[in-house]
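Chemist: one predicted model, sequence on top.
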Amino acid sequence: MSSSYLHPFTPPRKSEFISIVEGKGAVVWDDAGNEYIDGMASLWYVTIGHGREEMADTIAQQAKTLAAYHTFDPYTTPATEAAASKIAELSPFDAPRVFMGSSGSEAVDTALKIARIAQREAGNPHKQIIVSRERGYHGTNYGGTSVQGIAPNREGWGSLLDGVINVIADDEEEMKRVFAEHGDEIAAVITEPVQGASGVWPPGPGYLSHLRDLCDEYGAYLIHDEVITAFGRLGSWFGSQHYGVTPDLITFAKGVTSGYVPLSGVIVGPKVMDALQANEGFILRTGYTYSGHTLACAAAIKNLEITEREGLLARAPEIGARLSAGLMPLRERGLLSDLRGEGAVWAISVPEGVDPAGVRDELLAKGVILRPIPANHLSMCPPLVITDDQIDQMVAAIGEVLDK
């Protein structure tokens, strides 16, 4: 279909698109009746599957009662408070507070702002530098674009944030050097527990603990960007719990509502909250019209309830094990140059000369959706309700396409 919509991460001249019109479980259909296994859970987020009537009923009921009301001082809503309480309960923190927005990009920008202003309120106004990692994807607002570790996403937008240092992704010595040179000025380090949008790169052994130790030594905050890894993707509620490393701030989005209504947020741990509450009269002068959106929060509560009731956290490592077992023979045959992942978040790398976008297109013709990532990767992150048969169909289709 031709489009008047300006699509994100798409050549503006493109005008023909696949129109997805229906979804159920781990399957979606387009307007021509073609069926696809949704190997990407749309864009990393549909954990409980498409077309859940419980979600539709909950959203409809909340809309009939109160669709939205803002949460600037002095207002709140019961759904906002309940969602924040549940997210706080599931988090790795003791008694955190939860700030909310509508997108992962908003969450990242808010976390960066909170880190800097909390340092000021803690008596460290000179601590303003944000350290990020090569390959890191942190959304596309100005803060997230500035700390991007994917260079093409930073290009062409004009002046970005000052005070950002981007470090080689897994080089512990380089990170030590940056702290040795700038430690007194570093407000925070931001990292995904598993770097997702750049091609699914789990951390090296001990790397996240290494960051935690450096932040503790130099008085910097550690931000885990868990927009992808939160709410069951790695088999725990948060990737921080999966790796046993507790940060100071956690960003979330995507899986908190399985995408049924946009919702995001920042979980603010005790150390940062202590700084924000240190000075009487301080006002947190940031927020969004839809912070704590009532309808979105009702969707989050129901989504998390379904996730718990159906034991979907335990499903994530099962999905990963089946994908790995199915794809490993392709690597052994030389059809893949790499295979990597954690929990239910995986990627393959295809040999030099194989176009990942071309592989994506061939897979679409076989009814499987994966996401190509330059230069030679394809990611997969299926709904946690995907069946073993559907996983096997995905793997078989990948093998057939690469055999060609």
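Modeler: Cool, the structure landed.
Chemist: mean confidence for the strand or helix carrying residue 315?
Modeler: Following DSSP states H and E, one finds residue 315 within helix 312-332. Taken as a whole, helix 312-332 has a mean pLDDT of 98.
Chemist: who does that helix touch, helix- and strand-wise?
Modeler: strand 338-342, strand 345-349, helix 388-403 (3 or more CB pairs under 8 Å, 6 or more residues apart in numbering; DSSP states H and E). Just so you know, the C-beta spots here come from the backbone N, C-alpha and C atoms, and that holds for glycine as well.
Chemist: that helix vs strand 338-342, what angle?
Modeler: 170 degrees (axes from the mean of the first three to the mean of the last three CA atoms, to 10 degrees).
Chemist: for the helices and strands packed on helix 312-332, which one sits closest to residue 144?
Modeler: strand 345-349 (19.5 Å; CB to CB).
Chemist: which parts of that closest one are buried?
Modeler: 345-349 (16 or more other CB atoms under 10 Å).
Chemist: and for it, what are the contacting residues?
Modeler: By CB atoms under 8 Å, 6 or more residues apart in numbering, the residues outside strand 345-349 that reach it are 44, 194, 196, 199-200, 228-229, 233-234, 320, 323-324, 327, 330, 336-341, 373, 376-381, 398.
Chemist: now list the buried members of the residues you listed.
Modeler: By 16+ other CB under 10 Å, the contacts of strand 345-349 give 44, 194, 196, 199-200, 228-229, 233-234, 320, 323, 327, 330, 336, 339-341, 373, 376-381, 398 as buried.
Chemist: would you mind measuring the gap between the ends of stretch 146-154?
Modeler: Taking CA to CA, to the nearest Å, the first and last residues of stretch 146-154 lie 7 Å apart.
Chemist: residues in contact with it?
Modeler: By CB under 8 Å, 6+ apart, stretch 146-154 touches 108, 112, 130, 132-138, 140, 145, 160-161, 164, 166, 169, 190, 195, 197-198.
Chemist: so which of those residues belong to helices?
Modeler: Secondary structure from DSSP state H places 108, 112, 145 of the contacts of stretch 146-154 in helices.
Chemist: which among those gets closest to residue 262?
Modeler: The closest of the ones in helices among the contacts of stretch 146-154, once distances to residue 262 are taken by CB to CB, is residue 108, at 14.6 Å.
Chemist: for residue 334, phi and psi?
Modeler: phi 90, psi 10 (degrees, to the nearest 10).
Chemist: give the contact list for the residue nearest to residue 350 when sequence neighbours are not counted.
Modeler: Spatially, and ignoring its direct neighbours in sequence, residue 350 is nearest to residue 376 (5.2 Å; CB to CB, 6 or more residues apart in numbering). When contacts are counted by CB under 8 Å, 6+ apart, residue 376 touches 337, 349-352, 354, 356.
Chemist: quick check: phi and psi on residue 376?
Modeler: phi -150, psi 30.
Chemist: begin at 246 from here
Modeler: Understood, numbering begins at 246; the last thing we discussed is residue 621.
Chemist: how much space between it and residue 321?
Modeler: 48 Å (CB to CB, to the nearest Å).
Chemist: how does this protein divide up, domain by domain?
Modeler: The record assigns the chain these domain ranges, following automatic domain parsing: 265-297+555-648, 299-554.
Chemist: TSV please, covering those domains and showing distance to residue 254.
Modeler: Listed next are these as TSV, based on distance: least, CB to CB, whole Å:
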stretch	distance to residue 254
domain 265-297+555-648	10
domain 299-554	9
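Chemist: deepest of these, which one?
Modeler: Ranked by mean neighbour count under mean count of other CB atoms under 10 Å, the domains of the chain are led by domain 299-554, which reaches a mean of 20.
Chemist: straight-line length of that one, end to end?
Modeler: End to end - CA to CA - domain 299-554 spans 13 Å.
Chemist: averaged pLDDT, that domain. What do you get?
Modeler: Rounded mean pLDDT across domain 299-554 is 98.
Chemist: run the chain-centre distance for it.
Modeler: How far domain 299-554 lies from its chain's middle: 10 Å, per CA atoms, centre = their mean, to the nearest Å.
Chemist: give me the spatial nearest neighbour of residue 377, chain neighbours excluded.
Modeler: Nearest to residue 377 is residue 392, by CB to CB, 6+ apart, at 4.0 Å.
Chemist: correction: the previous question concerned residue 523.
Modeler: Closest to residue 523 by CB to CB, 6+ apart is residue 366, at 5.4 Å.
Chemist: and the one you found, what does it touch?
Modeler: 520-521, 523-524, 527.
Chemist: and if you look at residue 414?
Modeler: 378-381, 394, 440, 446.
Chemist: cutoff 10 Å now
Modeler: Residues in contact with residue 414 (CB atoms under 10 Å, 6 or more residues apart in numbering) are 377-381, 394, 420, 436, 440, 443, 446, 448-449, 452.
Chemist: all the helices of the stretch 296-445 of the chain, residue numbers only.
Modeler: 298-311, 323-335, 349-366, 387-391, 417-427 (DSSP state H, counting those that start in this stretch).
Chemist: for residue 531, find the nearest of the ones you listed.
Modeler: Of all the helices of the stretch 296-445 of the chain, helix 349-366 comes closest under CB to CB, at 5.5 Å.
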